[in-house]
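S.K.: model this:
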Amino acid sequence: MRYTVRHALIGGFAASIMGSGVSTAVRAADAPKPLLPILASHPTGWQFQATAYGWATALHGESGVRNLPPVSIDMTFGDVLEKLNGAVMGSLLAKNGNWMILTDLVWAQISADARVKLPGVRRPALAAILPGTQVEFEMRQLIASAIAGYRLPLTSSDVDLYATAGIRYQRITGKIEATPGLIPITISNSSVEHWADPIIGLAATWRINDRWFVNAIADVGGFGVGSRFTTQGFASVGYRWTDAISTALGYRAIYTDYRKGGFSYRATQHGLFSSIAYHF
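M.R.: Numbering: from 1, shown residues only. The predicted structure is shown next:
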């Protein structure tokens, strides 16, 4: 009796498994597909990207040093290139799973000059006698940024969107020399200002296919800690030639409003961006 019952139970259990397998297959075929696709897992372990780039910047705004009035800065890329004394630009990106770290460095030195006419002098004959004041402006600028980001959950494995937070450090050396037309005396003043701004924002990468991609960064900061306000916008389209080499072309803009003591710098740097990167 035990033998018969045991085999009967085994036979019934096997039949139920076979039957449930068929019904499960039918139910799986008829079941609706999930609304949200499963995210592809990101590789663990550090991945790096070292980038050298050129930023064809125009510069618009004004800057003032101590007791001298603010000087208007209105320079196209051609003007900046003509007045540029030197520049170094580059970045390093590191990724590990859902985390990313980006550091960026921009250093440049430019100089400009202008003749400021005396107010009320409009006649050419008078202007020749009273030539006004010759003003020369020189600026050395360092922008160093470091941000960390965490990848936000999305419904597409082709897009990485990171919430970011970090610091943008700026150091500006401004020098203004003013030489009145009638008095052979040069009035000179200079100032070195540096500050660090907390910044928050977003960073994104869209992999269009195996070769083409889009990168974008946006942030805001300052909040009175360093500058009154600063913001950045960046977007580029890139092509990956090999597993190790990629190039990109885009546009970048940074605005800063910093005023402290007698020094003021309110300006926007913007222009085309081109880069070459090494992935390892």
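S.K.: Following the chain past the one helix or strand Tyr169 maps to, name the next helix or strand.
M.R.: Using DSSP states H and E, Tyr169 sits in strand 159-180. Per DSSP H and E, the first helix or strand lying C-terminal to strand 159-180 is strand 187-207.
S.K.: got the angle between the next helix or strand after that next one and strand 159-180?
M.R.: For strand 187-207, the following helix or strand on the C-terminal side (DSSP H and E) is strand 212-222. Strand 212-222 runs at 60 degrees relative to strand 159-180, counting by axes from the mean of the first three to the mean of the last three Cα atoms, to 10 degrees.
S.K.: How about Leu142, nearest residue that isn't a chain neighbour?
M.R.: Arg171 (4.3 Å; Cβ to Cβ, 6 or more residues apart in numbering). (Glycine included, C-beta is placed from N, CA and C.)
S.K.: Surely the one you found touches Gln141?
M.R.: Yes - the pair Arg171 / Gln141 is scored as a contact, 7.3 Å apart, by Cβ atoms under 8 Å.
S.K.: more crowded one of the two?
M.R.: Gln141 (20 against 15; other Cβ atoms under 10 Å).
S.K.: residue ranges for the strands of this protein, please.
M.R.: For the chain, applying DSSP state E gives strands covering 47-65, 71-75, 84-96, 99-116, 133-151, 159-180, 187-207, 212-222, 229-240, 245-260, 263-279.
S.K.: pLDDT on the last one, on average?
M.R.: Put plainly, it is strand 263-279. Mean per-residue pLDDT for strand 263-279: 93.
S.K.: now swap in the longest one and tell me
M.R.: Here strand 159-180 scores 87 as its mean pLDDT.
S.K.: Buried ones in it, by neighbour count?
M.R.: 160-162, 164, 166, 168, 170, 172, 174-180 (16 or more other Cβ atoms under 10 Å).
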